[in-house]
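Student: here is a sequence with its predicted model. Questions after.
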4 protein chains.
Amino acid sequence: MIVVMKAGVGADDVQRVIERVAELGLTPHLSKGEFRTIVGAIGQRSAQVQQQLEQLPGVDEVMAISQPYKLASREFHEADTILDINGIRVGGPHVNIIAGPCAIESREVLFTVGKAVKEAGASILRGGAFKPRSSPYSFQGRGREGLELLKEAGDELGMPTITEVVDPRDVPVVYEFADMFQIGARNMQNFNLLLEVGKTDKPVFIKRGLAAPITELLMSAEYVLSQGNHRVIVCERGIRTFADEVRFTLDVSAVPVIQERSHLPVFIDPSHAAGKRDLVPALALAGIAAGAQGAIIEVHSCPDRALCDGPQAVLPHNFHKLMEQIKQIAEIVGHRVTLWGREDAKPRKALAGGWAT
Amino acid sequence: MIVVMKAGVGADDVQRVIERVAELGLTPHLSKGEFRTIVGAIGQRSAQVQQQLEQLPGVDEVMAISQPYKLASREFHEADTILDINGIRVGGPHVNIIAGPCAIESREVLFTVGKAVKEAGASILRGGAFKPRSSPYSFQGRGREGLELLKEAGDELGMPTITEVVDPRDVPVVYEFADMFQIGARNMQNFNLLLEVGKTDKPVFIKRGLAAPITELLMSAEYVLSQGNHRVIVCERGIRTFADEVRFTLDVSAVPVIQERSHLPVFIDPSHAAGKRDLVPALALAGIAAGAQGAIIEVHSCPDRALCDGPQAVLPHNFHKLMEQIKQIAEIVGHRVTLWGREDAKPRKALAGGWAT
Amino acid sequence: MIVVMKAGVGADDVQRVIERVAELGLTPHLSKGEFRTIVGAIGQRSAQVQQQLEQLPGVDEVMAISQPYKLASREFHEADTILDINGIRVGGPHVNIIAGPCAIESREVLFTVGKAVKEAGASILRGGAFKPRSSPYSFQGRGREGLELLKEAGDELGMPTITEVVDPRDVPVVYEFADMFQIGARNMQNFNLLLEVGKTDKPVFIKRGLAAPITELLMSAEYVLSQGNHRVIVCERGIRTFADEVRFTLDVSAVPVIQERSHLPVFIDPSHAAGKRDLVPALALAGIAAGAQGAIIEVHSCPDRALCDGPQAVLPHNFHKLMEQIKQIAEIVGHRVTLWGREDAKPRKALAGGWAT
Amino acid sequence: MIVVMKAGVGADDVQRVIERVAELGLTPHLSKGEFRTIVGAIGQRSAQVQQQLEQLPGVDEVMAISQPYKLASREFHEADTILDINGIRVGGPHVNIIAGPCAIESREVLFTVGKAVKEAGASILRGGAFKPRSSPYSFQGRGREGLELLKEAGDELGMPTITEVVDPRDVPVVYEFADMFQIGARNMQNFNLLLEVGKTDKPVFIKRGLAAPITELLMSAEYVLSQGNHRVIVCERGIRTFADEVRFTLDVSAVPVIQERSHLPVFIDPSHAAGKRDLVPALALAGIAAGAQGAIIEVHSCPDRALCDGPQAVLPHNFHKLMEQIKQIAEIVGHRVTLWGREDAKPRKALAGGWAT
C-alpha cells in the first residue's frame, strides 16, 4: 500500500504514519516529492489496515497496489485452470455451452429440451429447481422433485448437470442430485452460501452480481477457493446500468479483464442479459468472440407457456443454428488467443476438442 | 396490463391475443388507434402472464399499469404505518436515529458508544455480530458472543437493539438476543432469509440493494409482509453508479418516491453511502430534509482502531452536534409535510415526540 | 399515447382528460378496466402534449407507444440504408473498418499509419484535427493544418477520410478537407452542430453519448436527417457505468437493438471503450460478432510517444492480425443475419465485397 | 505521479522507466517493496505524460496523486469564492435561489412568475431563450426576442438574470441581454463554448453533465477560469443511473465533495433531477441541508400549458412555502458549517444577508 500525505503536512504527521505502519506489522518506506510525501507500506495488504491508515492526521489517500484476492489471481496460478467435469474439460482453450430450460417445469419439457441441446452440441445441462423470484407470488421452482428429474435427464443423456442453489441449507440435496452448483447473481455475496459450497468437491459456477466490480466477483470466487474447493467458474451475466433497452447490459469487456487477472474459466450468460430471445444470438456470439470459455443459454420448446423467463428462451432449432456459429467463432478466437499472447492457447484441434461430449 | 400490438399487424394476430388473454383468466378489451391496436388485459397482474403475452406473434410490448406489490402499497394501506418498538414509535411523523458501532468488537467500545449515542438522542442501538465481508480474510464478527453483549447493552441503556442477520439458520439466535432484524443490502434478495424473518414477530429493517430499483425493494418488503410480519422498515443506503467520489451515491429522491408508493417507514444510511465520516453529516441532514423517518449512523469512540469500516464512523462528540441539527431540520420538515399534503403529518409537538426514548 | 388514470378517480377527471386530448388535436378513446381507466390519445406523439396531459388531475402516467423519431426509424425506411462514400459501400451487409491515429500529429505518423491500415484492409482513414480534451492544458489538435495533411493522405492512399468537428463554426473548413464528419460522444447533443452538418451533403458519423439511451442517439440522428442530409452512421463507443475496470463499458447489445429500430448503419468504437490496447481486439471482435456494420479503431506507429490517447492505439502489425479475424467473423455473421431473419442480408460473396476499397 | 511496476519485472524495465521520467522533465524517485517496485515521478502532472509512461514495458499502473485542475482547486484558492453579481453576494455562507420559468414563452408568464419568485425571496431570475431539446420537432425557444423580454423583466424587478447559451456564436447576444451565462449539462464539455464565455467578464453557471465525474466538472470550470474569467458557479443537477423512478438521480454528496476540493460556489437543480414537481421540495431541501450555496428552481404560473418541462415546474404559491423552509434549513446549516470546521462560515446574520435582494 502507498500512503499519500496531504500537501503541506508537518513532519510529525509523517512520523506518526511511519510508526503506525510499523506497528501494524508492515515495513514503512519514505519518499518525498516536490509537492507531496508518500509512505510505502510494504507487506500483506488488508482492508482493515488500509482503513486504519486512512484516518491518520495528514493522510490524503491510501492506495492499494495489489489485488485483495490471492488464490483466484494469475499471480498465484499463472496457467489457465482447466476443470474436468465428468470427463468434460472446461476452461483454457475449451469452449463449453451449458443449455436447458430456465426452470424444471415438467419431465416432458426437460427431456425434449435436453435432447435437443445435446444434439446441437451443448455439453452441460441446466435446469432450475430453486428459483429466486423477486415476487413472493411467482412460481418458486419444484425443489427436490425438480432435482430428481434433472438427475434422471442428465443420466439418460450422459450430460453433467448444473442447477442453482440459493440457501446454505439446500447444499446437501443439490450436492446429491446435481454435478455443479450455480450461485446466482443475487447471491454472489451470500457469503455463507459460498462457504458451504466451498466445503464440497463439486464445481461452483458463480454469476457476477448486477452491480459487482470484477474485484468483488473474484473475491466471491476466493471465498469458495479459500475453503479448499478449487473448481470455480465465473460468469458475466449483465450489469445494471442506465441503458434499459435490454434487461441488463452485457459487459463483454469483463471477459478479457477477468482472464488477465485470474486463471479461472470465464463464461457469459446472454439469456439473462438480453431478456428477450431475439438478442440472445448477438450477445452469445459477442461473448465468444471476446474470448469467453463458454456460455449458459436458456432453451425452451414452448416458451410462450413457460412458467419463468419464457421471453428470453431460444427455440431448439434456433439454438442449433446458433451453435454452428459459436463453433466457428470459437475457432477463430482460438487463433486469436495464440496470436495475442496468451501462452496457454492450443491449436485448433485442441480447441475443437472442447466440443466433444 | 396493456398489450401493444406492432404497427400493421393482421386481424388474426389481434384475435389470438384476445383469446389468450381470456384463456389466462383476464378480460380482454380491444382499442384500435390510428397506427396501433392495443388490447387491455383486465384482472390481476402477474409476471408470468405478462411474459407469456409478450411472446405472441404481433405483440410489441406488454405494459403493466399497476405495481407488483400489494401489502406494501399505499393502495392497500393508505395511512403511514407507525410501529411500536418497545415503546418507541417509528414511522409517520416520528423521526428515529439508530446509532452504534459498525461491529461489536468489545464490551468497552459498545458500552461507551451506546451511552454516548443515547445521550445525544439516538433511540435504537445498532451493532453487528455477523458481518458480511467481501473478503474471506476480513474480520467476520463475533457471532453469538456479540449478540449477548448487544443484548446486555440494550438492557442496561434501555434501548431497543438492531443487528444484521445474513443466514436463515441464524434467525433463531438473532431473534433471541436482538429486538430488530437488519437485512443488509447484499441480502435484499436473499428470499429465503426474508421468508424466515417474515415468520417472526420482530421488526425487519431492509436495506435497498446496491442496484435495486425501488419496486424490487418493495417486493422484498412484500416477501416479509406476505408471511404475516407487518413490521417492516425500508432503508436507502446508497446505490452503485459511475460517481465514485463517494462509496455509494445516496439516492435521496428514493425517500419521497417510496413514501408516495408505500406506507412503510423510510430510513437512510448516510454512513455506508459516504464511506468517510466527513461526508456523513451532509448526507444525514439531506436525508432528513428529504423527509426520511430516520437514519442509521455508525459511531465509534476510536475509529482508527476499528476492525471494520472505521473511516465512516462519526466520533461521539460530532454525533452529538449532528443530532442537534437533525432535530431542527426534522421539525422544519414536519411543517413541510403538513403544507405539502401528507395527511398523516402531526404538528410540531407530536413530531418532537418521536425523539423521546 | 395512453393516459393511465389513477385508481379510483372520478368521472369528471376522466372527462377533463378526454376533452383536453381533443383540444390538443388528438382523438380520445376511452377504455375502462376493473381497477383502472385508460384514455387512448390517438394521433401524432409529442413530448409537449405528453407533458401537458401528465399534469391533469387524476392522471397517473402517460405512456408513449411509438418512438419519437421518424426519419431514423425502420417504420419510415424498412430496408437497411447503404451509403456510397466515394465508391465505398457502408451499411447493410457491408462491414467497413475506419482506422488511423487519434490525432494528426505529424505527416510522418499519419502517412505511415495510413499506409499500414490500408494494407491491412481498412477502407476509411481517420485522424483528429480538432481534439475535444477535458483539460484546457492538453494538446488541442493542429486544426486546419491537420485537415490539410489528412486530405493529402486520403488523396494519396485513395481512401475517404473522416475527422471530428466540435464547433458549428468549423463545419465549412471540415467540409472542405474531409469526406465525413465525426460528431463525438460529448457533442451528441450539441444540437446546433447537428443542424449545421445536417445542412451539408457529406456523411455524418455520430457517436453515442456516454449516458445516452438509444432513443436519444437516434433523436440526434433525426436532427441531421431532418435537415435533408440522409447520410448518417451511428456508433456505440462505450457508456459510463460503475464498472471502471475499463474506461467505458462497451454496450454491445446496442448494436442489435439499434438495428431493430433503425435502418442506419451501426458501428462500434472499441478503442475509446477499452482505453487500453490489450482489450481492443476482444471488443472489436465482439462488436462485429454482434452484427456491427463496422468499427473505428485507433492505430499508431509509436503510441508511447503519441500526444493523445496513446495507450489505446493498436500497433500496425497487430491491427493486421485483428483485421484477419474481423474478416472471418464478419463472414460468419453474414450467414447469421441470413439465418436469423434480416431480409437484407447478402450471401457471403456480397459481404466480402464490403472489404474492397 | 507514481509508476507502479508489475510484480517480478527486471532491473532493465525499471531503469527504462527512470530514464523516461527524467527525459519527460520530471524527477524520478525509486522505491522497492517486497513484491513491487514503484517509481515516483515528481513534478507537474499531465495526462500526456501519464499515458506515455503507462505504456512502457513492465509498468502496471501510473497513479496521479494530484488533481488535474489548478485554478478551480482549494489548493490554489483556500477561501470560498464569493461573487458579487449586481450587488448580490453568491457563494461562501450566502445562499441564493435562482427561479423562473423553464422557457421564456410570453411576456405575461415571465412577468407573473418573476414577480412571484421575487416576492418569495428568489434573488436571480432565470428563463430560457435558446432551449436544447432532444427532438428537432420540439419548441426551441424564442431566441433574441426572448432575451429582450428577460432583460426587461430583470430591469423592472431589479433582479440579475441568467439564461442558457448553447452555441459559441450566441455568446455576444446573450452577453448583451443577460447578467449570467448558464452552460447546460449537455454542453458541460462543449469546450469551445466554455472558452468563449471564459473570455467575457460575466458569471458562468456550469451544470454537471449527466455522466460527469466531479473532476470533469471542475475541469470544465478550469476551461473558463483559464481564460481569465474567475466568476464561475458549478451546479449538481442529477446524474444518469439505473434508478429511473425519477428523471435523474440527484447526487447530493457532490455538494460537500466539490466544496472540499474547490472554492467555487455549488448550487443544485432539483427541478431537472426530479422531473416532476411533487419531488422538487424534498430535493431542494436535501441539497440546501447538504450545504449547497443555492438552487435553481423552475416555477410556472400555469405549468399544464407550458411549452417545455411543465411537469417539473412548481406553482408560485408552493414556491413561496418552499422558500420559507429553505431559509430555515439554510440557517441551521450555517451553524453546521461553523461546527464542522469550514473556516469561512459566518454567523447567522451574515448568512441571512444572502437572502436580501
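Tutor: Received, thanks. Numbering: from 1, shown residues only, chains lettered A, B, ... in the order given.

Student: flag every residue of the stretch 101-250 of chain A that's near chain C.
Tutor: For the stretch 101-250 of chain A, the contact set with chain C under CB under 8 Å from any CB of the partner chain comprises A:211, A:213-214, A:239, A:241-246, A:249-250. No exception for glycine: its C-beta is placed from N, CA and C like everyone else's.

Student: helix or strand next in line after the helix or strand containing residue A:109, which one?
Tutor: Under the criterion of DSSP states H and E, residue A:109 resides in helix A:107-120. Next in sequence after helix A:107-120, counting helices and strands by DSSP H and E, comes strand A:124-126.

Student: that following strand pairs with which strands, parallel or anti?
Tutor: Here strand A:124-126 has these sheet partners by DSSP bridges: strand A:96-100 (parallel), strand A:161-164 (parallel).

Student: would a markdown table of those strands with distance to residue C:52, mean neighbour count and mean pLDDT be doable?
Tutor: Below are these laid out as a markdown table (distance: least, CB to CB, whole Å; neighbours: other CB atoms under 10 Å in any protein chain shown; pLDDT from 0 to 100):
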| stretch | distance to residue C:52 | mean neighbour count | mean pLDDT |
| --- | --- | --- | --- |
| strand A:96-100 | 50 | 28 | 95 |
| strand A:161-164 | 48 | 26 | 98 |
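
Student: now those as a markdown table including distance to residue A:77?
Tutor: Shown next, in a markdown table, are these (distance: least, CB to CB, whole Å):
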| stretch | distance to residue A:77 |
| --- | --- |
| strand A:96-100 | 20 |
| strand A:161-164 | 23 |
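
Student: how close does the residue most central in space within chain A get to residue A:118?
Tutor: Taking CA atoms, centre = their mean, the centroid of chain A lies closest to residue A:234, which sits 1.9 Å from it. Separation of residue A:234 from residue A:118 (CB to CB, to the nearest Å): 25 Å.

Student: on that earlier part again, the helix holding residue A:109 - contacts with which helices or strands?
Tutor: Judged by 3 or more CB pairs under 8 Å, 6 or more residues apart in numbering or on different chains; DSSP states H and E, helix A:107-120 is in contact with strand A:96-100, strand A:124-126, helix A:143-157, helix A:316-339.

Student: among the residues of the stretch 101-250 of chain A next to chain C, which lie within helices?
Tutor: residue A:214 (DSSP state H).

Student: filter the residues of the stretch 101-250 of chain A next to chain C down to the buried ones.
Tutor: Using 16 or more other CB atoms under 10 Å in any protein chain shown as the burial test, these include A:211, A:213-214, A:239, A:241-243, A:245-246, A:249-250 as buried.

Student: how far does the host helix or strand of the residue nearest to the centre of chain A sit from its chain's centre?
Tutor: Element membership for residue A:234 (DSSP H and E) is strand A:232-236. Computed by CA atoms, centre = their mean, to the nearest Å, the chain-centroid distance of strand A:232-236 equals 2 Å.

Student: for stretch A:297-317, same thing?
Tutor: 23 Å.

Student: try stretch A:99-111
Tutor: Worked out by CA atoms, centre = their mean, stretch A:99-111 lies 23 Å from the chain centre.

Student: and that stretch, which residues are buried?
Tutor: Neighbour-count burial for stretch A:99-111, counted by 16+ other CB under 10 Å, picks out A:99-105, A:109-111.

Student: do the same with stretch A:5-25
Tutor: A:5, A:9, A:13-14, A:16-18, A:20-21, A:24.

Student: residues contacting that stretch, please?
Tutor: With contact meaning CB atoms under 8 Å, 6 or more residues apart in numbering or on different chains, stretch A:5-25 is reached by A:3, A:27-28, A:30, A:35-39, A:41, A:43, A:49, A:52-53, A:56-60, D:66, D:75.

Student: next one: the closest residue to residue A:80 other than its chain neighbours from residue A:293, what distance?
Tutor: Of all residues not flanking residue A:80 in the chain, residue A:92 sits nearest, at 4.1 Å (CB to CB, 6 or more residues apart in numbering or on different chains). Computed as CB to CB, the residue A:92 to residue A:293 distance reads 7 Å.

Student: looking at those two, which one has more neighbours?
Tutor: A side-by-side neighbour count of residue A:92 and residue A:293, using other CB atoms under 10 Å in any protein chain shown, places residue A:293 first with 26 against 22.

Student: so that one touches residue A:97, yeah?
Tutor: No - assessed by CB atoms under 8 Å, residue A:293 is found out of contact with residue A:97, at 10.5 Å.

Student: on that earlier part again, now the contacts of stretch A:5-25: which count as buried?
Tutor: A:3, A:28, A:36-39, A:41, A:43, A:49, A:52-53, A:56, A:58-60, D:66, D:75.

Student: which ones among these map onto helices?
Tutor: Of the buried ones among the contacts of stretch A:5-25, the ones assigned to helices by DSSP H are A:49, A:52-53.

Student: quick one: the strands in chain A, in order.
Tutor: For chain A, the strands defined by DSSP state E occupy A:2-5, A:27-32, A:37-42, A:59-63, A:83-85, A:88-90, A:96-100, A:124-126, A:161-164, A:180-183, A:204-207, A:232-236, A:266-268, A:294-298.

Student: what's the fourth one in contact with?
Tutor: In this structure, residues lying in contact with strand A:59-63 by CB under 8 Å, 6+ apart are A:1-7, A:13, A:17, A:36, A:41, A:50, A:53-54, D:2, D:63, D:65.

Student: now chain A against chain B: closest residue?
Tutor: Nearest residue of chain A to chain B: residue A:211, at 3.5 Å (CB to the nearest CB).

Student: that residue is in contact with residue A:239, isn't it?
Tutor: Yes - applying CB under 8 Å as the test, residue A:211 and residue A:239 come out as touching, 6.7 Å apart.

Student: spit out the residues that contact these two alike.
Tutor: Contacts common to residue A:211 and residue A:239, judged by CB under 8 Å, 6+ apart, are B:211, C:242.

Student: where's residue A:287 relative to residue A:271, distance?
Tutor: Taking CB to CB, one finds residue A:287 at 11 Å from residue A:271.

Student: these two - which one has more neighbours?
Tutor: Taking neighbours as other CB under 10 Å, residue A:287 and residue A:271 compare with residue A:287 leading, 32 against 29.

Student: which residues does the spatially closest residue to that one that is not a sequence neighbour bridge with?
Tutor: Leaving out its chain neighbours, the residue that sits closest to residue A:287 by CB to CB, 6+ apart is residue A:268, at 3.4 Å. Note on residue A:268: beta-bridge partners residue A:236, residue A:295, judged by DSSP bridges.

Student: got the residues of the stretch 101-250 of chain A near chain B?
Tutor: Residues of the stretch 101-250 of chain A lying close to chain B by CB under 8 Å from any CB are A:132-139, A:166-169, A:186-187, A:189-192, A:195, A:209-211, A:216, A:219-220, A:222-223, A:226, A:239-240.
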